[in-house]
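Asks: Got a predicted model here, sequence first, then my questions.
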Amino acid sequence: MVEMRPLGLPGVFEIVPKKFGDERGFFSETYNAQALARHGIELAFVQDNHSLSAAVGVLRGLHYQLPPRAQDKLVRVVAGRILDVAVDIRRGSPTFAQWVALEVSAEKWNQILVPAGYAHGFVTLEPNTEVVYKVTDYYSPEHDRSIRFDDPEIGISWPFAPDQLRLSDKDRAAPLLADAEVFDFE
């Protein structure tokens with residue numbers, strides 16, 4: 001059983017799995033293909049990724065892979081909390097360059113589904129935050145792309161000033177959306 005809530009951009013959902021607890025702890029089915037299929041979402045995940053960010057303000061993103069290696073992502077937090085962001089990068093889409101953000105945390109036990117055609121990123125809101133996510137295609141360096149986290153065309157409202165963020169060199173040097181290779185809207 002899962003609760004699903006659309007987040008305002010096509011295909012982006014908050015997913016909250018049921019959690020059953022007692023004095024011993026809890027049990028939760030964090031992913032069930034049949035439960036998602038009942039909501040019209042049929043994805044074949046092939047790889048799980050896990051990141052640890054030691055500090056508050058670690059920003060990872062905005063990342064995506066181009067076709068034919070595009071990835072849908074199902075993101076959850078197993079320790080700590082993040083602000084997770086999805087940006088529509090399907091040129092020609094009515095929601096092109098629009099973004100949605102969701103706080104995802106171990107406490108809320110929620111997840112975010114980010115479909116292919118969206119750039120994805122997050123910033124940590126607590127130290128020692130661990131993020132686990134499933135993807136529908138394998139990592140492909142040849143198809144890996146990123147967009148600047150502070151692109152004014154997108155205008156994401158991050159909860160920290162740019163000089164307070166910790167980014168990789170790759171993310172700091174990412175191109176603006178106008179200069180990036182993106183998806184075509186179909």
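Replies: Nice, I can see it.
Asks: Tell me which residue is most central in the protein.
Replies: Taking CA atoms, centre = their mean as the criterion, H120 is the residue nearest the geometric centre of the chain, at 4.5 Å.
Asks: quick one: that residue and I89 touch, right?
Replies: No. With contact defined as CB atoms under 8 Å, H120 does not count as touching I89 (9.9 Å). For glycine as for every other residue, the C-beta is placed from the backbone atoms N, C-alpha and C.
Asks: what sits in contact with each of these two?
Replies: Listed contacts common to H120 and I89 are Y64; contacts here mean CB atoms under 8 Å, 6 or more residues apart in numbering.
Asks: dump the residue contacts of the residue in the chain sticking out farthest from the centre.
Replies: Distance from the centre of the chain peaks at E23, with 32.7 Å (CA atoms, centre = their mean). Neighbour list for E23: empty [criterion: CB under 8 Å, 6+ apart].
Asks: Show me the strands paired with the least confident helix or strand in the chain by mean pLDDT, marking each as parallel or antiparallel.
Replies: Every helix and strand of the chain was ranked by mean pLDDT, DSSP states H and E. The lowest is strand 183-184, at a mean of 92. Its sheet considered, strand 183-184 pairs with strand 90-91 (parallel) by DSSP bridges.
Asks: buried residues in the next helix or strand after the strand it pairs with?
Replies: Next in sequence after strand 90-91, counting helices and strands by DSSP states H and E, comes strand 99-105. For strand 99-105, burial by neighbour count (16 or more other CB atoms under 10 Å) applies to W99, V100, A101, L102, E103, V104, S105.
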